[in-house]
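> sharing a model prediction with you, sequence too.
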Amino acid sequence: MPGSLRDVVFVDGVRTPFGKAGEKGLYAQTRADDLVVKCIRELLRRHPQLPPDRVDEVAVAATTQIGDQGLTIGRMAALLSGLPASVPGFAIDRMCAGAMTAVTTTASGIASGAYDVVIAGGVEHMGHHPMGEGVDPNPRIVAERLVDTSALVMGATAENVHDRFPEITKERCDAYAVTSQARLAAAYAEGRIQRDLVPVATRHQEKGWGLAVADEPPRPGTTLGDLATLKTPFRPHGRVTAGNAAGLNDGATACLLASGEAAAELGLPVRMRLVGYAFAGVDPAVMGIGPVPATEKALARAGLTIDDIGLFEVNEAFAVQVLAFLDHFGIKDDDERVNPDGGAIAIGHPLASSGVRLMTQLARHFETHPEVRYGLTTMCIGIGMGGTVIWENPHHPDYGKERPAA
Amino acid sequence: MSTTIETPTGTPAAAPGVPGEVVTQALVRDVVLPGGAGVLALITLDNGRDHTRPTTFGPTGLRNLDAALTAVTERARAGGIAAIGVTGKPFFLSAGFDLTVPAAITTREAALEGGRAGHAIFRKLADAGIPSFVFVNGAALGGGLEIALHATYRTVSSGVPAIALPEVMLGLIPGWGGTFLLPNLIGPAKALEIIVANPLANGRVITGPQAFAAGIADAIFEPADYLEQSLLWAADVLTGRTTVTRPVIDRSEETWEAALAGAKKAVDAKLGGAAPAPYRALDLVRAARTADRDAGFAAEDDALADLILSPEFRSGLYSFNLVNKRAKRPAGAPDKSLARPVTTVGVVGAGLMASQLALLFARRLQVPVVLTDLDAERVAKGVGYVHAEVDKLLGKGRVSPDTASRLKALVTGSTDKTAFAGADLVIEAVFERMDVKKQVLAEVEAVVGDECILMTNTSSLSVTEMAAELKHPERVVGFHFFNPVAVMPLVEVIRGHQTSDVALATAFATGRTLKKTCVLVRDAPAFVVNRLLTRFMGEILRAVDEGTRPDIADTALTSLGFPMTPFTLLHLVGPAVALHTGETLHAAFPERFGASAFLARLVEARLPGVWSLTPEGRPYLSDEVKALLPRDGTPLTGEKVRQRALAAVAEEVGIMLAEGLVAGPEDIDLCMIMGAGWPFHLGGITPYLDRAGISEQVVGHRFLPA
């Protein structure tokens, strides 16, 4: 292995349209591993200059790794995708940040010289595998009060975040949700989202085969009035509703990462460069604030400040956690730099897959904003964590040059 | 944001279809094609079962499809959709029509209706006014392939294992457009291969990639995302981003007649005009060159109507059911749970037959096989044969290098029978003489465990007698293979008088693992196949002994379409073997099995057979054979030989059944089809004997219910 670290670049990312979990959802009779296979094959199809046997690893995340999300899904999906048997693969889990962790882990391998090219992504079929399927919490958690019981119910932790920051009102959250829906609708209307998607044939025994070409969860035209009357299922007279949170969804994502040298050698496009990343833990009862310490840590290690970041993709598990993040860094609720094409509230959040969706969207924003040098993707994570990855824009005139001093 | 719009599914008709019909639904769903290509109405054929039940068309299923096609045609006319698509549930597009449907047809009118209905429904794919696509995602057989041929475009998955038009094998023709559309798509030569040659070659099928290479499909995609890629391709075709070009078919009469002549020659060689269906198929393909669609379809209706009512089809269907159903559940076999596991096999003898057996057992059972013989040289030859055959398989890519290593290691040899000590099953294939076989079995019994099953591959000797002096005669069972072992599917399983259910169950289980068709036969000389063939051959030889010219005697039954003439079979088996079997049967049943002087002289002169072949393959009588013919006699006409031979067969079948040799006439037919290659259109033999009135004449009753 070489002594110095190498550049890690994001070549491309794709995802399946996301569906609503459950029997009536788009992917009710589609296997989770098949969703991953479509993504991997699309990446290879888009970059025919990449010989398949040059892929050094396929890392696929899933929270619940059984059934059609089990059997070391990264390896199985690689074989099912038609990659040669010589390409290894593995499965990885950090709940919501599964795909993000697949990226950071394999990126570390690229940086240290173990890999040249990898495929990293994630899948969650919450219809087949609801959150908490097969879990067996250790009784000490309750006995020693290690973690508040509310911490195991994501919506309850969102209510806890409201408690901590009373200035984040339900009204602010609903307004944020309306914006997310409207921005996604505009992105679809202007043809921006479609590029990210790979169509998926959807089997159904009673309906016949269909073709998924667009996300199922979005509710374009959502108004404040629509959201105002929704129930608050996590607390009576609470603030968190189905309308200002991401739903339960099915979907998969995958991206191609490479060393800078390998990308140049193989003629692969460079859409982002990985600058740094960090994960941090917080009190699980308020998991939604995870992105804050993760971002502080990542910025510090990268020698950057929040002012250096010109574009943000923040996962919208709950509007309240996004706003907590924005408040902390003094960013306005409707800032154009944040989730310009909408987020998980509108698109959906199939747990382990979302991290790469954020990256794919950020890469697109970089293309239309060459004036922005750095961007970040960040997400809150179940059982109290946050994850943040900082990226550099290759279209920026100063790309690759010395960074500002820490 | 909706990705698919639900439209009403094909509604099942109120009137009942065939009882027991597994109804195929025609589910319609709209697909919004990318790139502004518009909406494609996708019909999925699904019978609601998993892959163990292929999708077929029964009357209700056809009505469902009709309703769906009618509905999408209306939407097309109204400008609501850009294209129609048809595909299947996983692994199947469609396996064609439900065979119980034509089986139930008894009038010409009903048959014509069936043909017309299929045409009327399928052609809606061509007459909708907008392009249609069939996405061949899985097996497409018969009507399943024909529906694809009616569409404007076709894609195929590279994972499809079976595409075929097998109708001719059963005694029908592809009557829902296949004979007209296929040659006009890919030319007469390739079409005839699929319509005529493949069905007659034991129902050979082609794969997705082969179908694409032949020009049946316009595009091919891998199974992992086959439907997505097919739909994207369809979108490109509709928007003009992709243009579909097909090779121009040579429509000259010369080319078509040449292809037809070649096909006819092959059919004649196989059947000699004995069955109508392939010839009818040839006529239809000829007409397809110049006919228009309506005339072509009408001609298919006529042909279908004639053939559905033909006795050859009834026999074909009967044969098909025997081979696909009865073969898998042998009549009279004891409970499967009685079978003992077989983890080591012994083979006594290392001659050609024994070596073939060793290879088969090693390949299919994947257990150690030990060959023994009288001396080291014979043993080495036997094991050497097996290794050479494995190398041939490796060379053809039929086994991997690792598997070849494994197979070679599995088969070993010894001159010492104690090598059988741990065997669960030992089969003997030594010289066909009772004293030799009895001695061998006794020697084997002395070294094997008490539970070891002993099998004999004898073709004519009594299993009961062979076992009689053993300590445990109940462990002996007959297990008679046919030559060549790798190819012939039949094994006659012989129950000696003392054979236990355990031995029998183990034999059947082993046969199943060997992928053979096992038929239970009682212990009588020459069992089923050789006894009937010898009786048959006996009449031909008797005719020659009586002064009939060999060519007249040998061709007397050509019109029945047996796979080869009696004397060709004699040459294949070898006159010495035939004589030996004949003598055994003559000793057992002297009134019916004569001793042919001509055959005896042939064997004494060590001649290989009756016919010699010219360099071009034409048979002629050599001077040596001529010298052995009788000087005088009263020659018979071919017709008389035929009558005698068939009457003899009928008589023998009647006696075999009366003796309880097998469970019923179906087993006789199954044996003759699988062990002697007797044709589907005869139903083996008893359906033919029944319909020609011979059974009634000779035995006094039909063999099978009318």
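Here it is on my side, so go on.
> next, the residue of chain A found nearest chain B: secondary structure please.
At 3.0 Å from chain B, residue A:208 is the closest residue in chain A, using CB to the nearest CB. Quick note: C-beta positions are derived from backbone N, CA and C, even for glycine. Secondary structure of residue A:208, reduced to three states by DSSP: H, G, I helix; E, B strand; the rest coil: coil.
> next to chain A, which bits of chain B? Give me the list.
By the rule CB under 8 Å from any CB of the partner chain, the part of chain B lying against chain A is B:1-4, B:6, B:9, B:27-34, B:42-44, B:46, B:48, B:87, B:89-90, B:222, B:224-228, B:231-232.
> in helices, which of the residues you listed fall?
Here DSSP state H is the test, and these give B:226, B:227, B:228, B:231, B:232 as lying in helices.
> looking at those, which has the most residues close by?
Counting neighbours by other CB atoms under 10 Å in any protein chain shown, the top entry in these is residue B:231, with 29 neighbours.
> state the distance from the spatially most central residue of chain B to residue A:125.
Among the residues of chain B, the one closest to the centroid is residue B:202, at 4.1 Å (CA atoms, centre = their mean). As judged by CB to CB, to the nearest Å, residue B:202 and residue A:125 stand 44 Å apart.
> over to residue A:301?
In terms of CB to CB, residue A:301 sits 35 Å off from residue A:125.
> and those two? which has more neighbours close in?
Legend: neighbour count by other CB under 10 Å for residue A:301 and residue A:125, higher for residue A:125 (30 against 14).
> what's near enough to touch the more buried one?
A:21, A:27, A:30, A:31, A:32, A:35, A:68, A:69, A:250, A:350 (CB atoms under 8 Å, 6 or more residues apart in numbering or on different chains).
> now residue A:148
With CB under 8 Å, 6+ apart, residue A:148 has these contacts: A:160, A:283, A:284, A:285.
> which element is the residue of the stretch 501-650 of chain B found nearest chain A on?
Chain A sits closest to residue B:515 of the stretch 501-650 of chain B, with a gap of 28.3 Å, by CB to the nearest CB. Assessed by DSSP states H and E, residue B:515 sits outside every helix and strand.
> so it touches residue B:364, yeah?
Yes - Residue B:515 is within contact range of residue B:364, at 6.1 Å (criterion: CB atoms under 8 Å).
> compare the two (neighbour count), which wins?
Legend: neighbour count by other CB under 10 Å for residue B:515 and residue B:364, higher for residue B:364 (14 against 10).
> that one and chain A, how far apart?
The spacing between residue B:364 and chain A, counted by CB to the nearest CB, to the nearest Å, is 27 Å.
> and the buried ones among the residues of chain B next to chain A, selectable in ChimeraX?
The buried residues among the residues of chain B next to chain A can be selected in ChimeraX (16 or more other CB atoms under 10 Å in any protein chain shown) with this line:
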select /B:1,3,4,9,27,28,29,30,31,32,33,34,42,43,44,46,87,89,224,225,226,227,228,231,232
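> which element follows the one helix or strand in chain A whose mean pLDDT sits lowest toward the C-terminus?
Scoring the helices and strands of chain A by mean pLDDT, DSSP states H and E places helix A:140-143 at the bottom, with a mean of 88. The C-terminal neighbour of helix A:140-143 among helices and strands, as given by DSSP H and E, is helix A:154-164.
> buried residues in that next one, which are they?
For helix A:154-164, the neighbour count (16+ other CB under 10 Å) marks A:154, A:155, A:156, A:157, A:158, A:159, A:160, A:161, A:162 as buried.
> give the contact list for the closest residue to the third one other than its chain neighbours.
By that I understand residue A:156. Nearest residue to residue A:156, sequence neighbours excluded (CB to CB, 6 or more residues apart in numbering or on different chains): residue A:150, at 3.8 Å. Residues near residue A:150 by CB under 8 Å, 6+ apart: A:156, A:157, A:159, A:160, A:285.
> closest one to residue B:113 out of the residues you listed, please.
residue A:156 (67.6 Å; CB to CB).
> need the contact list for the closest one.
Residues near residue A:156 by CB under 8 Å, 6+ apart: A:150, A:234, A:235.
> among the residues you listed, which one has the lowest pLDDT?
Across these, the smallest pLDDT goes to residue A:150, namely 84.
> tell me which element residue 110 is part of?
This is for chain A. helix A:98-111.
> oops, chain B please
Element membership for residue B:110 (DSSP H and E) is helix B:108-122.
> which strands and helices sit next to that helix?
Helix B:108-122 is packed against helix B:59-77, helix B:100-104, helix B:143-150, helix B:293-308, with contacts defined by 3 or more CB pairs under 8 Å, 6 or more residues apart in numbering or on different chains; DSSP states H and E.
> with only the CA atoms kept, save that helix in PDB.
Taking Å, rounded to 0.1, in the frame of the first residue of the first chain, the C-alpha atoms of helix B:108-122 are listed here in PDB:
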ATOM      1  CA  ARG B 108     -65.000 -30.800 -37.100                       C
ATOM      2  CA  GLU B 109     -67.100 -27.700 -36.500                       C
ATOM      3  CA  ALA B 110     -65.800 -27.500 -32.900                       C
ATOM      4  CA  ALA B 111     -62.200 -28.000 -34.200                       C
ATOM      5  CA  LEU B 112     -62.600 -25.200 -36.800                       C
ATOM      6  CA  GLU B 113     -64.100 -22.900 -34.200                       C
ATOM      7  CA  GLY B 114     -61.100 -23.500 -32.000                       C
ATOM      8  CA  GLY B 115     -58.700 -22.600 -34.700                       C
ATOM      9  CA  ARG B 116     -60.700 -19.500 -35.800                       C
ATOM     10  CA  ALA B 117     -61.000 -18.300 -32.200                       C
ATOM     11  CA  GLY B 118     -57.300 -18.400 -31.600                       C
ATOM     12  CA  HIS B 119     -56.600 -16.600 -34.800                       C
ATOM     13  CA  ALA B 120     -59.200 -14.000 -34.200                       C
ATOM     14  CA  ILE B 121     -57.900 -13.200 -30.700                       C
ATOM     15  CA  PHE B 122     -54.200 -13.300 -31.400                       C
END
